[in-house]
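Enquirer: Dropping a prediction and its sequence here:
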Amino acid sequence: MSPIRSRESGNRQGGGSNAPRGGGDGPRGDRDIPNYGELLKRARFGLALGVGMVTMMFVVFTCTYVLRRVFDESPGVNSSATIRTSHWTHLQLPISLLLFNSLLLLASSATMEMARRQVTKRAALAPIEGIPGVTLGNERYLPWLQVTIVLGFGFLAGQAIAWREMAARGYYLSTTPSSTFVYLATILHAIHVGAGLIALLCAAGMAVLKSSWEARRIVVDISGWYWHFMGALWIYLFGLLVVMS
């Protein structure tokens with residue numbers, strides 16, 4: 001009995017070799033297992049900062065756009081021919097084409113949300129799938145992420161066609177202040193959409209490489225909210241350009 005008590009006493013004091021390391025339930029401890037919930041929170045916080053900076057940039061752009069038009073169209077301002085070098089013109093934008101592009105981006109936002117929810121569900125069910133003898137059935141998963149990528153590239157192609165149509169109508173980047181603002185707004189937005197497409201391609205690549213569902217969820221979740229923001233931003237810009245141009 002005494003040897004047994006001695007061994008138990010040593011284990012209670014924490015001096016035994018079988019004590020777990022790292023404070024976890026397993027041999028390696030919790031510190032070796034990524035905390036995907038915490039990683040997702042940090043990623044969303046970083047996304048919020050990035051979205052805030054992009055929003056401020058377009059707010060400044062909008063204020064400059066409106067003030068430039070008001071200044072140029074005010075009576076008595078720059079009325080002298082020797083002073084006025086350019087004036088604000090009302091552009092004939094390819095509204096039908098831009099509206100079609102808007103529908104493409106809105107459709108891609110819907111498919112992106114389906115992809116985000118699908119990956120979130122798969123990540124939640126991933127631990128259950130690892131249990132021996134447990135099956136989730138033959139549930140079918142549609143390629144919403146791939147559809148979103150195709151629609152995104154379609155939007156960029158449509159924007160390129162719209163720029164070409166404006167050039168055919170005689171509106172170039174430096175033709176008038178109004179055409180300059182239209183080109184800058186649409187090109188800046190297209191650049192940010194391209195950045196979102198790169199993130200979506202990375203998410204699709206993670207699926208090909210069979211990355212964990214938790215890691216894929218983080219990338220798809222952040223890309224999804226960014227993509228929704230791009231859709232909302234474009235609707236705002238489209239309405240602004242139609243009203244002001």
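Expert: Perfect, thanks for sending it.
Enquirer: helix or strand right after the helix or strand bottoming out on mean pLDDT in the chain?
Expert: Lowest on mean pLDDT, DSSP states H and E among the helices and strands of the chain sits helix 2-12, with a mean of 42. Moving toward the C-terminus from helix 2-12, the next helix or strand (DSSP states H and E) is helix 36-73.
Enquirer: elements contacting that next one?
Expert: helix 177-208, helix 213-244 (3 or more CB pairs under 8 Å, 6 or more residues apart in numbering; DSSP states H and E). Using the backbone N, CA and C atoms, a C-beta is placed for each residue, glycine as well.
Enquirer: Reformat these as TSV; add mean pLDDT.
Expert: As requested, the helices and strands packed on helix 36-73 are exported to TSV (pLDDT from 0 to 100):
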stretch	mean pLDDT
helix 177-208	93
helix 213-244	92
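Enquirer: Leu98: which of those helices is closest?
Expert: helix 213-244 (6.1 Å; CB to CB).
Enquirer: Can you get me a residue count around the closest residue to Arg44 other than its chain neighbours?
Expert: What sits nearest to Arg44 in space, not counting adjacent residues and going by CB to CB, 6 or more residues apart in numbering, is Ile222, at 6.8 Å. Applying other CB atoms under 10 Å, we find 19 residues neighbouring Ile222.
Enquirer: I'd say Gln146 and Ala203 touch.
Expert: No: Gln146 lies out of contact with Ala203 (CB atoms under 8 Å); the separation is 10.1 Å.
Enquirer: okay, the two: which has more neighbours?
Expert: A direct count of neighbours by other CB under 10 Å for Gln146 and Ala203 places Ala203 higher, at 26 against 14.
Enquirer: Surely the more buried one is in contact with Pro143?
Expert: No: between Ala203 and Pro143 there is no contact under CB under 8 Å: 11.9 Å.
Enquirer: Would you mind finding the most buried of the helices and strands packed on helix 36-73?
Expert: The highest mean neighbour count among the helices and strands packed on helix 36-73, using mean count of other CB atoms under 10 Å, belongs to helix 213-244: a mean of 19.
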